[in-house]
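Student: Next come a sequence and a model predicted from it.
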Amino acid sequence: EAGVTQFPSHSVIEKGQTVTLRCDPISGHDNLYWYRRVMGKEIKFLLHFVKESKQDESGMPNNRFLAERTGGTYSTLKVQPAELEDSGVYFCASSRRRTVGTGELFFGEGSRLTVL
Amino acid sequence: AQSVTQPDIHITVSEGASLELRCNYSYGATPYLFWYVQSPGQGLQLLLKYFSGDTLVQGIKGFEAEFKRSQSSFNLRKPSVHWSDAAEYFCAVAPHSGGGADGLTFGKGTHLIIQP
C-alpha cells in the first residue's frame, strides 16, 4: 500500500509569487489533514478535510492560503502571494477514521517551502 | 487551549545507553497522547499512543512511554538506543472525541543525537 505522497519535496520561490503544494493520501482515507512547521516552532494544524468537505480550517493563518480537495482524493494547498513568514515544512496526513484521537494519522515526508 | 512542552531541544546519548525524552502537556482533561518520530528524509511515524487503561504503553522499535496524570507527563523511554534511533521526536495530544479541534497539538520536538 502506497503511503501519503507530497509534491514538491522542496520549493524555492520569491516573495509575492504563488506556490501550490499537492498531497495524495492513502487510498481509501477520507480524512486528510494539512500541518505546517515553521523553523524552530511546533508543527501546527492547518485544516482537515473529510472527503471533499472542509471539516475544520481553524488553523489556516490567513486568506493567502487556499486548500482544496476536489473529488475527495488528492488535495492542494496554494499560497498566493507568498510571504517570507510562510517558509517552513508543510505536512500532509491522512486517516481512515474521522476522529484523530482514535485513528492513526499517516504522514507524508513534507514539502519544504522557502520564500526569498 | 491545550499545549505540549518538550523541554529538551537536543539530547545526545551514547549508543547502548538508556534514553528518556520528556513531554508535559496542558489540557483540561486527559487527552489522547502520542509520540511520533521523524527520521531524516522520512515523514512522521507513530511510535505509540495512549488512550486509556494501562499507563505504561509499548510502541514500535523498542520504545515505551508512561502516562503520569499527577505530573501531566508522557515521557518516552528506551532501555538501549541504537544509532538508527537518531531522529527528531515529537510528543502530541488530541482531544477525546466530541470535543475541540480535529487536529493534533504538537510539541516543538526533541532532536536525538547518538554518539558512537
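Tutor: Nice, I can see it. Residues are numbered from 1 along each chain as shown, chains lettered A, B, ... in the order given.
Student: Show me which residues of chain B sit near chain A.
Tutor: B:4, B:31-32, B:36, B:41-46, B:49, B:51, B:90, B:92, B:94-97, B:101-109 (Cβ under 8 Å from any Cβ of the partner chain). Yep, even glycine has a C-beta here, placed from its N, CA and C like the rest.
Student: hang on, B:L112 is in a strand, isn't it?
Tutor: Yes: applying DSSP: H, G, I helix; E, B strand; the rest coil, one finds B:L112 inside a strand.
Student: Just to check, it is in contact with B:A86?
Tutor: Yes: counting by Cβ atoms under 8 Å, B:A86 is a contact partner of B:L112 at 5.8 Å.
Student: Out of those two, name the residue with the larger neighbour count.
Tutor: B:L112 (21 against 17; other Cβ atoms under 10 Å in any protein chain shown).
Student: List the residues that contact the more buried one.
Tutor: B:I11, B:V13, B:L19, B:L21, B:V81, B:D85, B:A86, B:A87, B:E88, B:Y89 (Cβ atoms under 8 Å, 6 or more residues apart in numbering or on different chains).
Student: what's the pLDDT at A:G101?
Tutor: With respect to pLDDT, A:G101 scores 60.
Student: And the one 3 residues further on, by the same measure?
Tutor: Confidence per residue is given as pLDDT, and for A:E104 that number is 77.
Student: ditto for A:E1
Tutor: 65.
Student: Can you select the buried ones among the contacts of B:L112 for me in ChimeraX?
Tutor: Here is the ChimeraX command that selects the buried residues among the contacts of B:L112 (16 or more other Cβ atoms under 10 Å in any protein chain shown):
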select /B:13,19,21,81,85,86,87,88,89
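Student: In CSV: the contacts of B:L112, plus secondary structure, pLDDT and distance to B:S73.
Tutor: Listed next are these as CSV, based on DSSP: H, G, I helix; E, B strand; the rest coil; pLDDT from 0 to 100; distance: Cβ to Cβ, whole Å:
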residue, secondary structure, pLDDT, distance to B:S73
B:I11, strand, 97, 16
B:V13, strand, 97, 19
B:L19, strand, 97, 15
B:L21, strand, 98, 11
B:V81, coil, 97, 20
B:D85, helix, 97, 21
B:A86, coil, 96, 24
B:A87, strand, 97, 21
B:E88, strand, 96, 20
B:Y89, strand, 97, 15
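Student: Next, count neighbours for the closest residue to chain A within chain B.
Tutor: Closest to chain A within chain B is B:G103: 2.8 Å, counting by Cβ to the nearest Cβ. The burial count assigned to B:G103 is 24, neighbours taken as other Cβ under 10 Å.
Student: can you check B:P95 too?
Tutor: 21.
Student: residue ranges with poor pLDDT in chain B?
Tutor: B:96-102 (pLDDT under 70).
Student: Go again with 50.
Tutor: Applying pLDDT under 50 to chain B picks out residues B:98-100.
Student: Pick out the residue of chain A closest to chain B.
Tutor: A:F45 (2.8 Å).
Student: mind listing what the residue lying closest to that residue once chain neighbours are set aside touches?
Tutor: Distances taken as Cβ to Cβ, 6 or more residues apart in numbering or on different chains place B:G103 nearest to A:F45, at 2.8 Å, with adjacent residues excluded. B:G103 makes contact with A:Y33, A:Y35, A:F45, A:L46, A:H48, A:D56, A:G59, A:V100, B:A94, according to Cβ under 8 Å, 6+ apart.
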